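*Asks:* here's my sequence, what's the structure:
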Amino acid sequence: MIYVPLSKLESIITTEPYINQNQQWKFARFTYTDPTSSFYLKVKQVKAVTGWAETSGIVRVQVDQPVLDLKAGDYIQAYCWLDKFKEATNPGQFDIAKYLAQRNVFIAASIDSRDGIELVQDFRKGAFTKLKSKLREIATQALLGELDVESQEYALLQALVLGYRTEIDSETYRAFQETGLLHFISLSGMNFMILIGIIWWLCKTAGLMKRARAVICLFAAVAFLLVVPPRSPAIRAAIMSSVFYISFFFQRKSNPFNTLSLAAVILLLIRPTYLFEPAWQLSFASVAGILLFTSPIENFIHERTIEKLGYTDTQKRSNYIHIISKLISPIIKVFALSFAAWLACAGISLYHFHKIQYLTSIWTVVVSPLIGAISVIGYLKTVLGLFLPGVAAKLDIIIAPLSELLIWLVKLIAGWNISEILIGKASPTVVILYYAFLLFAFFVHFRRPFVKKLICTVVTVGIIVLLGAAKWHRTYRDNLVLTCLDVGHGQAILAQLPGKANVLFDAGSLHKSDIGRRIVAPFLDYSGISKIDAIIISHNDVDHINGIPEIVEHCDVNGVYANEAFFTAADADTNDTAGTLQTSLNDQGLKIHHLGKDLNIGGKAKIKILWPSEEICRSKELSDNDKSAVSLIEFAGKKVILCSDIEKFAQQKLLQLYPDLKADIVVAPHHGLSKPSQAKFLESLDPDILICSCGQSQYETMNRASDSMTRDSNKISSFYTARNGAITICIKNNGTLKTDVFVE
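*Replies:* Okay, here's the model as predicted:
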């Protein structure tokens, strides 16, 4: 890691400053800093020791307070600290360093406050960025008009029509995600098709010839591309639509496969790393799937539905059959198109997102009328809003209730919890086998259809067995797997017990925000875990509990448990951390239960609570740390002790209560912050493995007792989340230990 002292950059702001208020995070108000702002800079000059030097590149900036007066296109001088992005340190965690490196962004700039930014009054700079910003402002105003900016109808309309989904609340976003309908609020070819279709129709109504219409549509496509977020699906759709309209000038019919290939080549020439991005892969796979598979699927369904009703070209149809066929045909077409796109994207989605959303095509058929109506009216309102804002405002009477209905419907479907199967990290071999089978099934022909059907059946069963075996292996275990995630100064430990029970001990962080959604939930998906049997809260410190609400939102949690000290704190102040957590979980229909001495959730592993007693919990003299729960896990003759934040008093009392207490694995008290008494406490436990869940600053500065113990005996293996990332200990059913770290 590099760390460059205070630097001065002369740059152009290339994106609108985004204020990260963490509104979806239940514990955001307990952070010690103001909401941060982030944006990107195109660097022109940097001030070095010898003076200003010309340079180039993109830098991501974070300002430790809201920035309200700067816009994209502003030319600024910034005093900042430069650093590299930190790579992911947990399985499944979003790797911001890798993501930005693919976009040629390698440097992060940190600015203490808005005072560190000076606006340079040079309006010739950043003209193109200012143009984009102005066009977006005009389009947004034309679309949204007088709608309530706080409503989810406003947020949904902005996402469906313009592709900006930052205002959508977490519940609505999660509903679209869980039903497999998230692509509707991510800008795609459908958006271009609807918008350009409206403009084409308006131009045709005005009496313009095809070439004139094509010119206007080309300008509209370019303008739209400047307005919407520059994602690969939008750029792909813009290129494909532009090629289509250019074909009118050469009197040539465009080939969709050639156009799709050209779009892919252009995007890869712009940035070759697009090839490795899920959005790029899904965008081109879905279009390729639609082009390749829609017709065969549609014909197959037609043969087994409409033709079974008696429909053929040579037969006379009754009015009844005619009406039925007219009603069914559009549904079949939408389903075939959606299913073709799903087939092409299923392997990619499984590889990147670890789940199979097998009902997406059905839900697409259900919501398509609403999506289509809202999108058409939204784009029509945008076009009219540019010239006739009064007329455009009248469309709010239609579009607002339709948006509200769509949100209600998607949430209803998501609430059924039947839309997806979580598999976990899939092998690339399975994904490759799937796509090879897909091409074989659609494009390889045999003289004897029975042979092909037999092969397809065998391969299909094989893929299902492979995925089922992976799911079974992750759900039912013979061993105990303990993973201490890297959450900085905090704690989140998942115990996957023998059998199928999963227990989470705490989930919080002092300095990292929203770790429930950003670290723990992605790890659960990566591991194929959709259910947590118990969450054990050690105590009410924010660095142990501020990620729990988002975990409960993300997956099925059977129960949450805390000791009497937690309830005492919650009753004393409902606005404190304990009260906030209790209120949040109550709102989600989950009650926090009293933690007893034993946690009986079945299986061969035993979980005991060694400390504190109810008398200790009620004591007003002791700190919250000394009242925190100490847990013991026993399996296959091995013992694991999770010490939470206990300090000198609790450590001494614990050894008095259990004078023969020993452990093979110990998670160090208070994140490894070492004191002489703690060194004696750890020596008494005599562990083989010591784990410290700590932040980087604690790791670099603390006087680690474990180091001296290691030097004395060469017995203890010490691991630190700040150094090793997520730490996984596997206790096999024969008692052997296996240790693995995410960062070598």
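*Asks:* alpha carbons only for contacts and neighbour counts from here, please
*Replies:* Noted.
*Asks:* and the closest residue to Val557 other than its chain neighbours, how close does it get to Trp280?
*Replies:* Once flanking residues are discounted, Val557 sits nearest to Ile532: 4.8 Å by CA to CA, 6 or more residues apart in numbering. Distance, Ile532 to Trp280, by CA to CA, to the nearest Å: 33 Å.
*Asks:* and the two? Which one has more around it.
*Replies:* In this view Ile532 and Trp280 are compared by other CA atoms under 10 Å, and Ile532 has more residues nearby, 23 against 20.
*Asks:* and the pLDDT for that one?
*Replies:* Looking at Ile532, its pLDDT stands at 96.
*Asks:* do the same with Leu147
*Replies:* Per-residue confidence (pLDDT) for Leu147: 70.
*Asks:* tell me the secondary structure of it, please.
*Replies:* At Leu147, secondary structure determined by DSSP: H, G, I helix; E, B strand; the rest coil is coil.
*Asks:* where does the stretch 1-150 of the chain dip in pLDDT?
*Replies:* Applying pLDDT under 70 to the stretch 1-150 of the chain flags residues 1-6, 48, 121-126, 148-149.
*Asks:* go again with 50.
*Replies:* Within the stretch 1-150 of the chain, the set of residues satisfying pLDDT under 50 comprises 1-3.
*Asks:* what about the helices in it?
*Replies:* Secondary structure of the stretch 1-150 of the chain by DSSP state H, counting those that start in this stretch: the helices cover 96-101, 127-144.
*Asks:* can you check the stretch 151-300 of the chain too?
*Replies:* Using DSSP H, counting those that start in this stretch, helices in the stretch 151-300 of the chain cover 152-162, 170-178, 189-205, 210-227, 232-250, 256-270, 278-304.
*Asks:* any chance of the ones you listed in TSV, plus distance to Asp112 and mean pLDDT?
*Replies:* Formatted as TSV, those follow (distance: least, CA to CA, whole Å; pLDDT from 0 to 100):
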stretch	distance to Asp112	mean pLDDT
helix 152-162	31	83
helix 170-178	29	88
helix 189-205	40	80
helix 210-227	31	84
helix 232-250	33	80
helix 256-270	34	88
helix 278-304	33	89
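*Asks:* kindly reformat these as TSV containing distance to Val365.
*Replies:* Written out in TSV, the entries for those read as follows (distance: least, CA to CA, whole Å):
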stretch	distance to Val365
helix 152-162	17
helix 170-178	14
helix 189-205	15
helix 210-227	27
helix 232-250	22
helix 256-270	24
helix 278-304	14
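*Asks:* go through the ones you listed and pick out the most buried.
*Replies:* Each of the helices of the stretch 151-300 of the chain was scored by mean neighbour count; the highest is helix 152-162, a mean of 23, by mean count of other CA atoms under 10 Å.
*Asks:* for that one, which outside residues touch it?
*Replies:* Contacts of helix 152-162 from elsewhere in the structure, counted by CA atoms under 8 Å, 6 or more residues apart in numbering, are 140, 143-144, 147-149, 164-169, 184-187, 191, 227-229, 374-375, 378-379, 400, 403-404.
*Asks:* nearest to Thr739, of the helices of the stretch 1-150 of the chain?
*Replies:* Put simply, out of the helices of the stretch 1-150 of the chain the one that sits nearest Thr739 is helix 96-101, at 26.0 Å, with distance taken as CA to CA.
*Asks:* what residues of the longest helix seen in the chain count as buried?
*Replies:* With DSSP state H applied, the helix covering the greatest number of residues in the chain is identified as helix 319-353. Using 16 or more other CA atoms under 10 Å as the burial criterion, the residues of helix 319-353 that qualify are 325, 329, 332-351, 353.
*Asks:* next: stretch 611-620.
*Replies:* Neighbour-count burial for stretch 611-620, with 16+ other CA under 10 Å as criterion, is recorded at 611-613, 616-618.
*Asks:* return the subset of those lying in strands.
*Replies:* Residues from those lying in strands, with DSSP state E as the criterion: Trp611.
*Asks:* now do the domain split for the chain, please.
*Replies:* The chain breaks down into these domains under automatic domain parsing: 3-125, 135-276+357-421, 285-353, 428-475, 480-741.
*Asks:* highest average neighbour count across those domains?
*Replies:* Stretch with highest mean neighbour count among the domains of the chain: domain 480-741 (a mean of 20; mean count of other CA under 10 Å).
*Asks:* does Asp396 really touch Leu147, like I thought?
*Replies:* Yes - between Asp396 and Leu147 there is a contact at 7.5 Å, judged by CA atoms under 8 Å.
*Asks:* can you check which residues contact both of the two?
*Replies:* Residues touching both Asp396 and Leu147 do not exist when contact is defined as CA under 8 Å, 6+ apart.
*Asks:* how about the strands in the stretch 301-450 of the chain?
*Replies:* 355-356, 421-422 (DSSP state E, counting those that start in this stretch).
*Asks:* could those go into TSV alongside distance to Ile551 and mean pLDDT?
*Replies:* Compiled in TSV, these are given as follows (distance: least, CA to CA, whole Å; pLDDT from 0 to 100):
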stretch	distance to Ile551	mean pLDDT
strand 355-356	17	93
strand 421-422	15	93
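*Asks:* just name the most buried of the ones you listed.
*Replies:* For these, average neighbour numbers computed from mean count of other CA under 10 Å are highest in strand 355-356, which has a mean of 20.
*Asks:* hmm, who's touching stretch 641-651?
*Replies:* By CA under 8 Å, 6+ apart, stretch 641-651 touches 538, 625-633, 663, 665-671, 677-678, 681.
*Asks:* try 7 Å
*Replies:* Residues from elsewhere that reach stretch 641-651, judged by CA atoms under 7 Å, 6 or more residues apart in numbering: 538, 625-626, 628-633, 663, 665-670, 677-678, 681.
*Asks:* show me those residues that map onto strands.
*Replies:* When DSSP E is applied, the contacts of stretch 641-651 are split such that 630-633, 665-667 fall in strands.
*Asks:* state the pair within these that is farthest apart.
*Replies:* Checking these with CA to CA, the most distant pair is Val630 and Ile665, at 13.3 Å.
*Asks:* output stretch 50-70 as CSV, nothing but the C-alphas.
*Replies:* This file holds the C-alpha atoms of stretch 50-70, laid out as CSV (Å, rounded to 0.1, in the frame of the first residue of the first chain):
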residue,chain,number,x,y,z
THR,A,50,9.6,21.2,-8.2
GLY,A,51,6.3,22.9,-8.9
TRP,A,52,3.3,22.1,-11.1
ALA,A,53,3.6,19.1,-13.4
GLU,A,54,1.3,18.0,-16.2
THR,A,55,-0.3,14.6,-15.6
SER,A,56,-3.4,12.7,-16.5
GLY,A,57,-5.7,10.1,-15.1
ILE,A,58,-8.9,9.6,-13.1
VAL,A,59,-9.0,9.8,-9.3
ARG,A,60,-11.9,8.9,-7.0
VAL,A,61,-12.4,11.5,-4.3
GLN,A,62,-14.0,11.2,-0.9
VAL,A,63,-14.7,14.3,1.1
ASP,A,64,-15.5,13.8,4.8
GLN,A,65,-18.5,16.0,4.7
PRO,A,66,-21.4,16.8,2.3
VAL,A,67,-20.4,18.8,-0.8
LEU,A,68,-23.5,20.7,-2.0
ASP,A,69,-22.1,23.5,-4.1
LEU,A,70,-19.9,21.7,-6.7
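*Asks:* looking at it, Ile691 is touching Tyr720, isn't it?
*Replies:* Yes - taking CA atoms under 7 Å as the definition, Ile691 is a contact partner of Tyr720 at 5.9 Å.
*Asks:* and the closest residue to Thr259 other than its chain neighbours, how far is that from Pro233?
*Replies:* Setting aside the residues directly before and after it, Thr259 is nearest to Met240 in space (CA to CA, 6+ apart), at 5.6 Å. With distances defined as CA to CA, the gap from Met240 to Pro233 amounts to 11 Å.
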